[in-house]
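A.B. asks: Fold the following.
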Amino acid sequence: MTSDASPATADRASTLFTQQKMLLIAAGDVIAGFDLTKIAPGDILVQGTNVEMTLPPPEILVTRIDNQHTYVYLDQKPFYMPNDKSLEARPGNPPKSN
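C.D. replies: Numbers count the residues shown, from 1 in each chain. Purely as a prediction, here's the structure:
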């Protein structure tokens, strides 16, 4: 017996019944900026009354997730997979660690 299914079709069929997808909407803050302590003397050029400064690359300085406003928007999984509540959190309740 031969099969008309290509390997790509077989891969899609195998993940159809085993794949779980979750879309988490995360609210929070990100503060980015420049670490001015990384400026070297060669980064500052003074010509008369003009000053030219080469800044270091920008960096993410602080991040914060707001658990009160973070939520699971979409949770798709095969019908036979049980809900694992440790994978998600409700507003105000951070995920449980194992």
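
A.B. asks: Can you get me a residue count around the closest residue in space to residue 62 that isn't next to it in sequence?
C.D. replies: In space, and not counting its chain neighbours, residue 62 is closest to residue 31: 4.2 Å by CB to CB, 6 or more residues apart in numbering. C-beta here means a position set from N, CA and C on the backbone, and glycine is covered the same way. Neighbour count of residue 31, defined by other CB atoms under 10 Å: 10.

A.B. asks: One more: the one 10 residues further on?
C.D. replies: For residue 41, the neighbour count with other CB under 10 Å is 5.

A.B. asks: go on, residue 75?
C.D. replies: Other residues close to residue 75 by other CB under 10 Å number 14.

A.B. asks: Quick check: bridge partners of it?
C.D. replies: residue 22 (DSSP bridges).

A.B. asks: which residues touch it?
C.D. replies: 20, 21, 22, 23, 88 (CB atoms under 8 Å, 6 or more residues apart in numbering).

A.B. asks: May I ask which of these has the most neighbours?
C.D. replies: Busiest of those [other CB under 10 Å] is residue 88, holding 16 neighbours.
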